[in-house]
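Student: Got a predicted structure plus its sequence, pasted below:
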Amino acid sequence: MFLTTLVNGIAYGVVLFLIASGMSIVMGVMGISNLAHGALYMVGAYVGWQVFKGFHWPFIVAVLLGGVAGGLVGLFIERIFLRRLYKQPNEQVLLTFGFVYIITNICLWIWRGWSRLPFTASVLFRPIIIGNQRFAPSRLVLILIGVVLAVGLWYLQDRTRLGAMVRAGMDDKEMAQGLGINMERVSMIVFFIASFIAGLAGVLGAQVMGVNLELGTNILVLALVVVIVGGIGSIQGAFVGGLLIGVVDTFGKALFPQMAMFTIYLAMVIVLVVRPRGLLGRGG
C-alpha cells in the first residue's frame, strides 16, 4: 500500500508541478496573477479527450494538440486583454477569474456536462510488476515525462539566452527594458509556453483525474498552493512543491480521507512559517 500510494502521489505531484510551473513563472516574469490558468488545463484536457476518444488519434497527438489548444487560448487572453493591465493586480484577478467562467461555459456548450473517465494509451494499460508490487505504467510514464520537462524548463530558465532575459525581467523589468530587452516579446513567449504546458498537463493529468467542468477551479486552488509552497518564479520550487503537495494529498486521502484538504493547507502553513518566500522562491 505504501509503495503504490507513494507512486500515485508522485504522479499526482508531477501533474501539479506542470500546472504550477507555468503559473509561477508568469507571476514572476510578468507580475500577472493568471487565475484562468486552471481553465487552460481544462481546455487541454477536453481537447485531448476529443482527439483521443472522439477522433481515435494516437495519444501522443492528443497530448500535443491539448498543449497547443491551451497555448493558443492563453495567448489570446494575454495579447488581447492582459497586456493592457500591467501593474493592475485587482483588474488582472477579476478579468482572469471571469475567464474561468467563460471558458467553463464554452466547454459545457461544446462537450456537455457529463464527466469523462480517465483515459490513456492502450499500451499503458498492462501493469508493470516489480517484485511483489504491480504498478500502473501510465503513472510511471507520467513521472518520467514530468522529470524530463522539469529538467528542460530548468535548462531553459538557467542556461539559455531566453532564460537570462526571463530572470532579468523577474529581478527588474524596467531595467531590463532599458538595456534593450524586448520584454513584451519575452512575456508573450513565456505566457504561451506556460499556457502550452497547462494544456499538455490537462491531457496527462486526465490519466489521474479524468475530465470534468470543475477542473478550472479545483486545479487552480491546488496550483496556487504549490506556487506558494515552492516559491514564485522558481521551476525547482514548483517541482519540489508539486511533489510535496501531491504526496501529502495522496497519503492524506488514503489515511485520513475526512481530513484530506486539511493536510494540504497544514503543509502550506508549516512551509510559510519556516520559509515565507516558499521553499525555493526568488528574493525580492
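Tutor: Great, that's in hand. Numbers count the residues shown, from 1 in each chain.

Student: Val240 - how many residues pack around it?
Tutor: 21 (other C-beta atoms under 10 Å). Where you see a C-beta, it was placed from the backbone N, CA and C, and this is true even at glycine.

Student: which secondary structure element contains it?
Tutor: helix 235-255 (DSSP states H and E).

Student: Check which helices and strands that helix sits against.
Tutor: helix 2-30, helix 137-159, helix 215-230, helix 260-274 (3 or more C-beta pairs under 8 Å, 6 or more residues apart in numbering; DSSP states H and E).

Student: Now it: buried residues?
Tutor: Buried residues in helix 235-255, counted by 16 or more other C-beta atoms under 10 Å: 235-253.

Student: any idea of the mean pLDDT in it?
Tutor: Average pLDDT, helix 235-255: 91.

Student: With stretch 98-113 instead?
Tutor: 95.

Student: Contacts for it, please.
Tutor: Outside stretch 98-113, the residues within contact range by C-beta atoms under 8 Å, 6 or more residues apart in numbering are 35-36, 38-40, 42-43, 46, 49-50, 73, 77, 213, 216-217, 220.

Student: Who wins on neighbours among the residues you listed?
Tutor: Within the contacts of stretch 98-113, neighbour counts (other C-beta under 10 Å) peak at Leu40, which reaches 35 neighbours.

Student: pretty sure that one is in contact with Gly70, am I right?
Tutor: Yes. Contact criterion C-beta atoms under 8 Å: Leu40 and Gly70 qualify, at 4.2 Å.

Student: about what we covered before: Ile130 is nearest to which of the helices and strands packed on helix 235-255?
Tutor: helix 2-30 (8.7 Å; C-beta to C-beta).

Student: Packing partners of the closest one?
Tutor: Helix 2-30 packs on helix 37-49, strand 133-135, helix 137-159, helix 161-171, helix 183-209, helix 215-230, helix 235-255, going by 3+ C-beta pairs under 8 Å, 6+ apart.
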